[in-house]
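Peer 1: need the 3D shape of this:
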Amino acid sequence: MNSNCKRPEVTIEMASSLVEKYFNVKVTKVTEANGYDDRNFIITIEKELVNHGNQFVLKVTNPIDSADQGLIEAVTDVSLYVNHKEGIESPVPMINVNGNYVERIELESKQICAVRLMKYIDGIVLEKIDYDADILYEIGSVVGRLSLIMKNYTNPILDKREMLWSLLSVDKLDEYLFAIENDGHRLLVHNIIEKFKEIVINKVSTLRKSIIHGDVNEQNVLVKKEDGKWTFSGLLDFGDSHSDPTIFDLAIACCYMTLDSRVIDPIMVPKYVIYGYLSVEKITQQEWDILPICVMARLSQSLTLGAYNHLKDPNNEYLLKTGKRGWTILEQLNSVGVDQLKILWQI
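Peer 2: Presented below is the predicted three-dimensional model:
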């Protein structure tokens, strides 16, 4: 996600034309899906492609990330790498008529954007179900498997990538607090920023690092029902992949899983995600010590940057999704406190 750009100006008609031109297929249906700073379209084609079916996702990346030399190719490589590993299905890009996974094109708006067509993964986004302890445990185990998989993966572009959505950029949030209308909310975020700097920043050198997904949220996790039970089916959008402390992926997942929990108390949701993570990967004492404040910091980050980006793009209501329950949950987490959260989430 990028907080300083305008989304690609792409209509449904343009999306259809792009797919037909660059992938030599006949499009029969196009539906726009949610997107933070990119444009995403669900594409249905006339004839099934061998081993790929007839549904795909067209992703048109924002101009700033598209202009970052090699970045889109790097995040595409991560997706391919993860998809080849057992247990985590992720979107596979299709090769276009020019023999590339990624094509940069100039839109009618004069924006130059990277275009990819990804294989559609069957399932629905997690936010649409009433999830229970079992699915939260499974999501935690997926994040744990991802941490294991990425231990041996390196990418020179992602290793040096710096981005505002990295948790290590939380100390930059003060510059965006003006976008938060409520004085109490502004003060809450400021205090969490200060606590994050106090607890986390000085310990970064002691933490394990790897390339992380960076945005395991309730709209990037797909689930499907098997034998009457919801189960994980896919992990979407590696567009925020970068090098950071490995534990940040777990913290990010814990943060977003709280937002749409309608059955389990949101404050207790991370316990089940952590339990699943620990079934496949360890958490060091240093990582455990910083986990609660990292969860709170990510929620602060999402709420603040969501408000800021909505000021620039008021028609994109998706930007305010976190705020619908996020402020209440952040206040509750802060009220419980870091030390007590560690006790509540202890396995």
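Peer 1: confirm that residue 308 sits in a helix.
Peer 2: Yes - looking at residue 308 with DSSP: H, G, I helix; E, B strand; the rest coil, it is inside a helix.
Peer 1: mind listing the strands for this protein?
Peer 2: 27-33, 39-49, 53-60, 103-106, 112-119, 124-125, 209-212, 221-226, 229-235, 242-245 (DSSP state E).
Peer 1: pipe those strands into JSON lines and attach mean neighbour count per row.
Peer 2: Bear in mind the C-beta positions are built from the backbone N, C-alpha and C, glycine included. Below are the strands of the chain laid out as JSON lines (neighbours: other CB atoms under 10 Å):
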{"stretch": "strand 27-33", "mean neighbour count": "15"}
{"stretch": "strand 39-49", "mean neighbour count": "16"}
{"stretch": "strand 53-60", "mean neighbour count": "20"}
{"stretch": "strand 103-106", "mean neighbour count": "14"}
{"stretch": "strand 112-119", "mean neighbour count": "23"}
{"stretch": "strand 124-125", "mean neighbour count": "16"}
{"stretch": "strand 209-212", "mean neighbour count": "23"}
{"stretch": "strand 221-226", "mean neighbour count": "17"}
{"stretch": "strand 229-235", "mean neighbour count": "18"}
{"stretch": "strand 242-245", "mean neighbour count": "23"}
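Peer 1: just so I know, which of these lies nearest residue 94?
Peer 2: strand 112-119 (4.5 Å; CB to CB).
Peer 1: so what touches that closest one?
Peer 2: Strand 112-119 is contacted from outside by 8, 10, 18-19, 22-23, 43, 52-53, 56-63, 65-67, 72, 76, 91-94, 96, 101-107, using CB atoms under 8 Å, 6 or more residues apart in numbering.
Peer 1: per-residue pLDDT of the most centrally placed residue in the chain, please?
Peer 2: In the chain, the residue lying closest to the centroid (CA atoms, centre = their mean) is residue 215, at 2.2 Å. pLDDT, residue 215: 95.
Peer 1: for residue 4, same thing?
Peer 2: For residue 4, pLDDT reads 58.
Peer 1: then residue 1?
Peer 2: Looking at residue 1, its pLDDT is 58.
Peer 1: what ranges do the helices span in the stretch 101-250 of the chain?
Peer 2: For the stretch 101-250 of the chain, the helices defined by DSSP state H, counting those that start in this stretch occupy 133-150, 156-159, 183-199, 247-257.
Peer 1: the shortest one - contacts with which helices or strands?
Peer 2: Spelled out, it's helix 156-159. Applying 3 or more CB pairs under 8 Å, 6 or more residues apart in numbering; DSSP states H and E, one finds that helix 156-159 contacts helix 71-83, strand 242-245.
Peer 1: low-confidence ranges, the stretch 201-347 of the chain, go.
Peer 2: Along the stretch 201-347 of the chain, the parts satisfying pLDDT under 70 run over 316-323.
Peer 1: over to the stretch 51-200 of the chain?
Peer 2: Along the stretch 51-200 of the chain, the parts satisfying pLDDT under 70 run over 86.
Peer 1: list the contacts for the nearest residue to residue 142 once chain neighbours are set aside?
Peer 2: Among residues not flanking residue 142 along the chain, residue 232 sits closest, at 5.5 Å (CB to CB, 6 or more residues apart in numbering). By CB under 8 Å, 6+ apart, the residues touching residue 232 are 135, 138, 139, 142, 221, 222, 223.
Peer 1: can you put those residues in CSV and add distance to residue 160?
Peer 2: Output for these, formatted as CSV (distance: CB to CB, whole Å):
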residue, distance to residue 160
135, 36
138, 33
139, 29
142, 27
221, 28
222, 30
223, 34
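Peer 1: name the nearest of these relative to residue 240.
Peer 2: For the contacts of residue 232, the nearest to residue 240 is residue 221 (14.2 Å; CB to CB).
Peer 1: so how far is residue 146 from that closest one?
Peer 2: Relative to residue 146, residue 221 is positioned 11 Å away (CB to CB, to the nearest Å).
Peer 1: spit out the residues that contact those two alike.
Peer 2: Counting by CB under 8 Å, 6+ apart, the residues touching both residue 221 and residue 146 are residue 235.
Peer 1: re the thing from before, for the residue nearest to residue 142, give the beta-bridge partners.
Peer 2: In this entry, residue 232 is beta-bridged to residue 223, by DSSP bridges.
Peer 1: roughly how far apart are it and residue 90?
Peer 2: 12 Å.
Peer 1: anything in contact with each of these two?
Peer 2: Between them, residue 232 and residue 90 share no contacting residue under CB under 8 Å, 6+ apart.
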